Structure formats: C-alpha cells, structure tokens
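>>> Provided below for reference: sequence and predicted model.
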Amino acid sequence: MNFISTRGEAPALGFSDAVATGLAPDGGLFLPEELPQFSGDDLKAFAGLDYPALCTAFFRRFATDIDDATFAAIVAKSYTTFSHPEIAPLVPLADNLQVLELFHGPTLAFKDFALQLLGNLYEHQCATRQQTINVLGATSGDTGAAAIHGLLGKPGTAIFILYPDGRVAPLQERQMTCTGADNVFAMAIEGSFDDAQTALKEIFADQDFRLSHRLSAVNSINLARVLAQCVYYLSAWLRLPADRQDNVEFVVPTGNFGNVLAGWMLQKMGVPIRGFKVATNQNDILYRLFTTGEYQVDRVAPSLAPSMDIQVASNFERFLYFSVGRDAARVREIMSTFKATGQYRFENFDADTFSASRCNDAEIPSIIKSVYDRYGYVADPHTACAFAEHDPDRLSVVLSTAHPAKFPDTIRAAIGVDPTHPSLEALKERPIIKHPVAATADAIRGFITERAL
Ligand SMILES: Cc1ncc(COP(=O)(O)O)c(C=O)c1O
Ligand SMILES: N[C@@H](CCOP(=O)(O)O)C(=O)O
C-alpha cells in the first residue's frame, strides 16, 4: 500500500517511509492511496479476535512492507503495557449509553494506543536501518507524555516535546518532565499549543533540517497515529449487540481532530457506523464548523480540559481532502486561503454523519457531577465534554479519553472525590526538568541541533 500527500506534490511512499517522514515534504499529510474496503465477511472474521490480533489484522492492509510475524510481534509488545485485560473496555451506563474507556495505557490517556505502537515501530526502524532518530512533537498535555513513554529506554532515540508552559495540567507536566531520562527534552514554550504546532510544522517542512537530523513525528500528522486509533473504534463496534451496530453514534472529545477522523475513516472503509459527535470545549472552532459551515480560527482560551485547547485542528486537512473529492490542488488553494485569512466557508462536509456539541468551563464541573450522581461514573474533564447532550434515539458510545486522576483538582471541586493513580503518585516525589525555549522555529532548531543524536 502506498501513501500520498493531501497536497499532491510529494512522491507516494510505502508505509515505513511515510511513518518515518511524518509530515509530507509538500506540507501536506499522508493518507492511504486507496482506503481498503472491509466486507461483511471481513468484519465477521474480525469479530473473534482479541485486541492485538485485531490491530494486526487491520494493519495488514496498510503496513504491507513489514512482514506478518514482525508486525504481530511489534503489536503484541505495544499492548502488554495496558493494565486492563480488554485493553479498551466498554462500560454500559444506561440502555442507550456506553463508555469506551481508552485510558488504561501507561500514561492514562487514549494517546497510548498509537504511541506505544509508534514507539515500537521506531525501535524496529532504528534496528533495521541502523540509524538513530530524533523525535519531535508538540503537545497540549497527553501526546507528549505518551510519546515519551513510548520511547523511554529505546536505544538510538532522543525525544523533544514542545508544550505550552503553564497551560497543561500539573500531573501532565510531571509525566513529561520527571522521567529522569537523559534523552528526553521537555521544552516549555510561551504561548498556546497552536503556536507550538505551527513551529513544529515549519521545522518538519524544512527538508534539510529534517533529513540531517533524522527527525520523526509523533503527532497525528503521522499517519500511523490515525490508523492505530481506527482500531479501538473497530474493536468497540464489533462488541456492540448486532441489532444496534448500525445505529451507533460515537461521541468524541475533540481538539486536533485526529481521534474523530480515525473513526470517520473507518466508516469510509465500510464499517457501518451511523455517526460521530464532535464534542469540543470552549475552544469551539469545530463545533462552529459542524453547526454553521464556517471554519474560523479564534484565540485559544485556556480551559479545564487543557488537552483540547486547540483552534487550528491539524487533521482537518485530511478530512478536507476527502471532502473536496481528493482534489489536492483544491486542498492547496483552501489551505493557503486559510493560512492567509484564518477562515474558510465549508460547503460540502458530511453533515449527515457529523453532529457537534460544545461545553464551556462553567458546564464541565456540573456535567462531571451529574454523570457521577446519575451513573456513579467519574469522567475526566475532557470526557465530560462528550456527555453534554445525547440523541435519545441512538446508542451513544462516549470515548473516555483520559483517566480522571490526571485532573484531580477539577474532579475534587466537582464531586468532592480525589481520584488517584499509583503511577501519578510516584511522580510527585521526583524533580521537574524542563527547558524553556522561545516558540519560534529558529529557537527550537537551535535547541535540537545542540542535543540531537
Ligand atoms: C484527553 C484528551 N481528550 C481529547 C483530546 C482530543 O483529541 P484529538 O486532538 O485527536 O481531537 C485530546 C488531545 O488530543 C486529549 O488529550
Ligand atoms: N491533545 C493533544 C494535542 C496534540 O494532538 P495530536 O493528536 O496531533 O498529537 C495532546 O494532548 O497533546
């Protein structure tokens, strides 16, 4: 299988090269040249598989340049670090409401699903190509921690993570800054996640720098991230009662649009999912898009769900590519208008599939409380945004994207309960090591140059 850029001006690459490249050299994002189609028989064959086997079977359609046994071993290793035997358990709360818990990985957020796998793919790449790599990522809290954990102890790798100083939760910061590992660099920048992501894309677009430093990406600009995230939708869908599978709506806490895009791509591969609700916090660009058609960037307003404090949703470009009939020239034109004006009027989005909700900071604690009072369930502030409202005529599956123990202050204020987790408690004793760096591509390049492998 080959992967092509949304902007159509980069050569098609095989799976391993596309993963290693991250952002396409023309500034676009990689997508499969053709989306495979899963038939009813394929889905029946998937039904009996455990999570690692399902993940391997799914990736066989994409990672065609890695042999079966090697890929199966990489996947098996990736999911042994999860603490729940089902990996992604479905928890029923009411007849029409279930929660898909995605926080049983080592850093207690859904990012572990893809970043454990990507860490092991990078380890494989270092071994087969006999090269070191330098990984660069930007985070609003969870990607950074999960990426660092995915690479911890892997020889031949160094990892540089940009995060907005003072705008991630204290325990998220500790997950990134208290590892004690000398190949991990948590870079605190002034500004928002959007500023970090803009600088990161500029650096990946600098081909000389990217190639000379063997730079690899861990954000959802990397297609492996999105593909790995397809698998938990598939796993959840396969476990729903057969008579409800076609009428399910996945409700997805949304920021950079990678999570919900993965579900939507799976639907385009033939899995009959009825719809997706894009659930935002007060940074509501995607809510406004899916309710009015207007995509207009605003300033990031720090919120109680900090990992979703994003306005420029990176994966929107992949969605755009499909929405304009895979016309890469049109994508280039729209992205350049958007870059220049910060807005775009969308005419052809999949309105039948997508709905949207938003949740401000006054609502998050009251939703956490009402979910707790009603179901005895503790939702973290990001997941709470997805409980804002539900269609009573459908089965809603809320994606629970982070463990509540990562955000104890908000939970305590909402319901008087102090959620804890042993892995987070252990971090509280360790020193914080962070590196303040200006949020400019030049400053970041300089920092990396001095420390890269
Ligand atoms: C806990 C949590 N929930 C939701 C999101 C939003 O996911 P996405 O950026 O893929 O839309 C994030 C960040 O990505 C997150 O860390
Ligand atoms: N919410 C994310 C932001 C980065 O998104 P990604 O999916 O592109 O990695 C985070 O927690 O860092």
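Everything's here; your move. Since the structure is predicted, the reported quantities are computational estimates derived from the model, not experimental observations. Residues are numbered from 1 along each chain as shown. Ligands and ions are numbered 1, 2, ... in the order given.

>>> quick check: Phe276 is in a strand.
Yes: counting by DSSP: H, G, I helix; E, B strand; the rest coil, one finds Phe276 located in a strand.

>>> can you get me a residue count around it?
Counted with other CB atoms under 10 Å, residues neighbouring Phe276 total 26. The C-beta positions use only the backbone N, C-alpha and C, and glycine is treated the same way.

>>> check whether it really touches Glu249, as I assumed.
Yes: applying CB atoms under 8 Å, one finds Phe276 in contact with Glu249, separated by 6.7 Å.

>>> mind checking what secondary structure Met176 has?
Under three-state DSSP, the three-state class of Met176 is helix.

>>> ok, and the closest non-adjacent residue to it?
Nearest non-adjacent residue to Met176, counting by CB to CB, 6 or more residues apart in numbering: Ala186, 4.3 Å away.

>>> please name the bridge partners of that neighbour.
Ile161 (DSSP bridges).

>>> so what touches stretch 54-71?
Contact with stretch 54-71 is made by 1, 14-16, 32, 36, 45-46, 49, 72, 74-75, 78-79, 117, 124, 227-228, 230-231, 234-235, 238, as judged by CB atoms under 8 Å, 6 or more residues apart in numbering.

>>> which of the residues you listed fall in strands?
Gly14, Pro32 (DSSP state E).

>>> any chance you could map the helices in the stretch 51-200 of the chain?
For the stretch 51-200 of the chain, the helices defined by DSSP state H, counting those that start in this stretch cover 51-59, 68-79, 111-129, 142-151, 170-177, 193-205.

>>> mind checking which of those helices is nearest ligand 2?
Nearest to ligand 2, of all the helices of the stretch 51-200 of the chain, is helix 142-151, at 3.2 Å by CB to the nearest ligand atom.

>>> re the thing from before, filter the contacts of stretch 54-71 to the buried ones?
The neighbour count (16 or more other CB atoms under 10 Å) marks 1, 15-16, 32, 46, 49, 72, 74-75, 78-79, 117, 124, 227-228, 230-231, 234-235, 238 as buried among those.

>>> going along the chain, name the strands of the stretch 351-453 of the chain.
Counting by DSSP state E, counting those that start in this stretch, the stretch 351-453 of the chain has strands at residues 354-358, 395-400, 435-436.

>>> strands paired with the first one, and their directions?
Meaning strand 354-358. strand 275-280 (parallel).

>>> ok, and does the strand it pairs with reach over to ligand 1?
No: Strand 275-280 lies apart from ligand 1 when judged by CB under 6 Å from any ligand atom; the minimum separation is 8.4 Å.

>>> list the contacts of that strand.
249-255, 257, 260, 263-264, 267, 286-287, 290, 308, 352-359, 385-386, 388, 394, 396.

>>> buried subset of the residues you listed?
Buried residues within the contacts of strand 275-280, counting neighbours by 16+ other CB under 10 Å: 249-255, 257, 260, 263-264, 267, 286-287, 290, 308, 353-359, 385-386, 388, 394, 396.

>>> out of those, who's near ligand 1?
When contact is defined as CB under 6 Å from any ligand atom, the buried ones among the contacts of strand 275-280 meet ligand 1 at Pro253, Thr254, Gly255, Phe257, Met308.
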